[in-house]
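> using only what follows, build the 3D model:
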Amino acid sequence: MKIQILDEWQQWVEAERIIATAFMFDWNEEESKKKYREQAEGKAPRREETWGLFSDQDRLVSAVITSPLRLSFAGEEISARELHMVGSLPEVRGGGNIRRLVEAILKRSAERGELFATLMPFSAAFYRKFGFERCSALLRQRFPIGQLAGFRCDWDMRRVESQADVDELKNLYISLAGRRNLAELRPEDFWVYHGSGEYGERNFWEKGKVLYTYLLADGQGKSRGYLRFMFEEGANGPFIGEMNVTELMYDGPEALRNLLGFVYGLRAKITHVRLSSPEFLDFSVLLPECGEVERSIEGGMMARITDVPRVLERLPLPDACCFTLEVKDSFLPGNSGIYRISREKGRTFVSRTEGPADLTLTQETLVPLCAGAMDLDTALFRADTILRDREEILREIFVKRPVGLGA
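Next up, the predicted model:
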């Protein structure tokens, strides 16, 4: 079997055919050929990288499409890699092809200095076999718009109508992303105004819909948040229905309250509001009738570390601290070992060592700990986590933090 990065547009088409077959979704070969031919000729941008696995008969049978990412982590901008299309032909499944492909991709990512790999899983259990662990989840919520009656919008709202407005969105987004871990720092070409109040790229669920984007500015004219949504027709005809919020960004409680007040002002046409938000933005504790809020958790981002020492070097640590971690990584054993981590005079030092570790854990537990998706107390519930010493300092380091950027 042979694994390689595919460099011909005809191979990219075949890889997409394999992935469409694996996931059984509609696929248009002519559209695929046009898209990839234009990318190969430089007429359209290409950020993706397509990996393929060939059978012993030199037939392409498995493929993975990846994209480079810029993520926020511990107040820095870091490189990462997203795996977003992973598939094998049904007749060759069960032979370990995806395992081989993912291993090759992760090793190459580490060589490039990409510290994390991320994906949105169809099955969390499947990707845990490769060391991925859930680092964020979204709280899907729906509530009657009347529940927002206690909110008012005293600031200025305007619909996005120019590239200058989109630049304001971008600057606000970047500022908010810098406060989170593993938030995507969108590429520059995402922030392009297309007219009719629209910018960026539509996803699959937004096709054919009108997108509305409104920018919030405070009394001094400073941008403080923005709202992007679609109107979806209700059961009683086209003139009344629901608001589907696709982005809700705000720099603090006051901005959120003003945005919710603006939404309430649309109650003549809107009956209910739907959105997916980070887990901490729970409307059942914000609104007067918690029983009116329909809530469910939907799967979020999974991530894994490609280079453990370099991630440990970036952890926010108090000065003059020292501890040891034993990390077990069954999928990338080169990450396994005991690490001594110390912070002295504003610098962090990480080195391999021997002897008993203060904390033993798997890479799958280390990922959400470093990201802030779980704290030490939660990690200790896992059977493979053992705390021996330095409990006080480890509790100070491994705390819950906001992860990612949702609605």
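> what comes up buried for stretch 86-105?
Counting neighbours by 16 or more other C-beta atoms under 10 Å, one finds that the buried residues in stretch 86-105 are Val86, Gly87, Ser88, Leu89, Asn97, Ile98, Leu101, Val102, Glu103, Ala104, Ile105. C-beta: built from backbone N, CA, C; applies to glycine.
> how about Glu396, secondary structure?
Using DSSP: H, G, I helix; E, B strand; the rest coil, the structure places Glu396 in helix.
> quick one, what contacts it?
If a contact means C-beta atoms under 8 Å, 6 or more residues apart in numbering, then Glu396 has Pro318 as its contacts.
> what separation do you get for it and Asp375?
Between Glu396 and Asp375 the computed distance is 10 Å (C-beta to C-beta, to the nearest Å).
> rewinding a little: possible to save the buried residues of stretch 86-105 as JSON lines with secondary structure, pLDDT and distance to Trp51?
Compiled in JSON lines, the buried residues of stretch 86-105 are given as follows (DSSP: H, G, I helix; E, B strand; the rest coil; pLDDT from 0 to 100; distance: C-beta to C-beta, whole Å):
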{"residue": "Val86", "secondary structure": "strand", "pLDDT": "92", "distance to Trp51": "10"}
{"residue": "Gly87", "secondary structure": "strand", "pLDDT": "92", "distance to Trp51": "11"}
{"residue": "Ser88", "secondary structure": "strand", "pLDDT": "92", "distance to Trp51": "12"}
{"residue": "Leu89", "secondary structure": "coil", "pLDDT": "91", "distance to Trp51": "15"}
{"residue": "Asn97", "secondary structure": "helix", "pLDDT": "94", "distance to Trp51": "11"}
{"residue": "Ile98", "secondary structure": "helix", "pLDDT": "95", "distance to Trp51": "10"}
{"residue": "Leu101", "secondary structure": "helix", "pLDDT": "96", "distance to Trp51": "6"}
{"residue": "Val102", "secondary structure": "helix", "pLDDT": "97", "distance to Trp51": "9"}
{"residue": "Glu103", "secondary structure": "helix", "pLDDT": "97", "distance to Trp51": "11"}
{"residue": "Ala104", "secondary structure": "helix", "pLDDT": "97", "distance to Trp51": "7"}
{"residue": "Ile105", "secondary structure": "helix", "pLDDT": "97", "distance to Trp51": "6"}
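> distance to Gly195 for the residues you listed - can I get that in JSON lines?
Converted to JSON lines, the buried residues of stretch 86-105 look like this (distance: C-beta to C-beta, whole Å):
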{"residue": "Val86", "distance to Gly195": "35"}
{"residue": "Gly87", "distance to Gly195": "35"}
{"residue": "Ser88", "distance to Gly195": "41"}
{"residue": "Leu89", "distance to Gly195": "41"}
{"residue": "Asn97", "distance to Gly195": "44"}
{"residue": "Ile98", "distance to Gly195": "41"}
{"residue": "Leu101", "distance to Gly195": "40"}
{"residue": "Val102", "distance to Gly195": "40"}
{"residue": "Glu103", "distance to Gly195": "45"}
{"residue": "Ala104", "distance to Gly195": "42"}
{"residue": "Ile105", "distance to Gly195": "38"}
